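Engineer: sequence unknown, structure follows:
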């Protein structure tokens, strides 16, 4: 058990020396903002308004009491705060800033095609055990891809297993949406044509985080699936083709919904690759079918197109993508903003092919995983 050995005060911070030899600095405004009494006891929402103190707020008096807690009497507001040392250590941003960031993502390439069992999980295992649900969620979060096996093949029979995570995300395509060959389609998915590896709905400000394609029937000739880890391709470019990578993370592309049935015009500018605050990969935004007419500055148009051309070709390179055939009862589950998906053309006269599709926000997958592992 560690405790506070010494406290020193300066203009903006309290400097703490811990019994394990580590040191922390705590800003006064941060401490006041995180006083345990600042939060409602039931909702846990912060009720204290930091705007009510001045920027010159400081610790008028401070000490360690007999319980080992840090006690601060504030220079304003006639208020005293009590901080548990365990909470301070766990939330110390000084120590966290010194930790090396480790990405949770397990990148993969075409070698995964020979080991699809690594990303497969049985429907009943997820439905009937917490361990199975955690396994599925970990595959979705860390690898971005999973295939559920032996799901019933009745329409809408994916709902019970999806609801083990949370609610689905509704879009104007309805839930589930039918991936079948239809006359006068309003989306290329509703044809028998081949589909290049793509993200769904890139023209949304926040496209759906995850997609689930439930195979009900797949007896037509053709219609094999493909998938590629966009983060792995981005990582290759980052290490080997920096100019291409920098173009893809810095210059937005333009996407547009081209659905003729809609009474709404949806368009969005977004970079092909976006990064998190830790410089990790956040999103891959790529879709040849729905990229709008680009309007970049003329001086960079050639550079943008060449970067997009290079990225797109790598996203279809046999070194990176996997190819497989969905069987009835399979649910192809994947991070829509990481793993791009496609299919080969199929012959609608040779048999029937029907998938039902569902979306879910990325927050739901990670939120449920965090809750179960806690």
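Structural biologist: Received, thanks. Here the structure is a predicted model, which means the values were calculated and not measured.

Engineer: Report the buried residues of the helix ranked longest in the chain.
Structural biologist: Longest helix in the chain by number of residues, with DSSP state H as the criterion: helix 301-314. Residues of helix 301-314 classed as buried under the neighbour-count rule (16 or more other Cβ atoms under 10 Å) are 304, 307-308, 310-312, 314. C-beta here means a position set from N, CA and C on the backbone, and glycine is covered the same way.

Engineer: Tell me what residue 46 is bridged to.
Structural biologist: Residue 46 has the following beta-bridge partners by DSSP bridges: residue 39.

Engineer: please renumber so the chain begins at 57
Structural biologist: Sure, I'll start counting at 57 from here, so that last one is residue 102.

Engineer: number of nearby residues for it?
Structural biologist: Residue 102 has 13 neighbours, counted by other Cβ atoms under 10 Å.

Engineer: That one against residue 93, yeah?
Structural biologist: No - the criterion here is Cβ atoms under 8 Å, and residue 102 misses it with residue 93 at 10.6 Å.

Engineer: Against residue 377, how distant is residue 281?
Structural biologist: With distances taken as Cβ to Cβ, to the nearest Å, residue 281 is found 10 Å from residue 377.

Engineer: circling back to that earlier point, now what about the longest helix of the chain, what contacts it?
Structural biologist: For helix 357-370, the surrounding residues in contact (Cβ atoms under 8 Å, 6 or more residues apart in numbering) are 252, 289, 292-293, 297, 299-300, 303-304, 307, 309, 328-329, 342, 344, 350, 352, 376.

Engineer: Which PyMOL command selects the buried ones in those?
Structural biologist: This is the PyMOL syntax for the buried subset of the contacts of helix 357-370, where burial follows 16+ other Cβ under 10 Å:
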select buried, resi 252+289+292+293+297+300+303+304+307+309+328+329+342+376
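
Engineer: Tell me which of the contacts of helix 357-370 fall in strands.
Structural biologist: Secondary structure from DSSP state E places 252, 309, 329 of the contacts of helix 357-370 in strands.

Engineer: Of the residues you listed, which is the nearest to residue 113?
Structural biologist: residue 329 (41.3 Å; Cβ to Cβ).

Engineer: which residues touch the nearest residue to residue 112 once chain neighbours are set aside?
Structural biologist: Nearest residue to residue 112 in three dimensions, chain neighbours excluded: residue 131, at 7.7 Å (Cβ to Cβ, 6 or more residues apart in numbering). Taking Cβ under 8 Å, 6+ apart, we find residue 131 in contact with 112-116.
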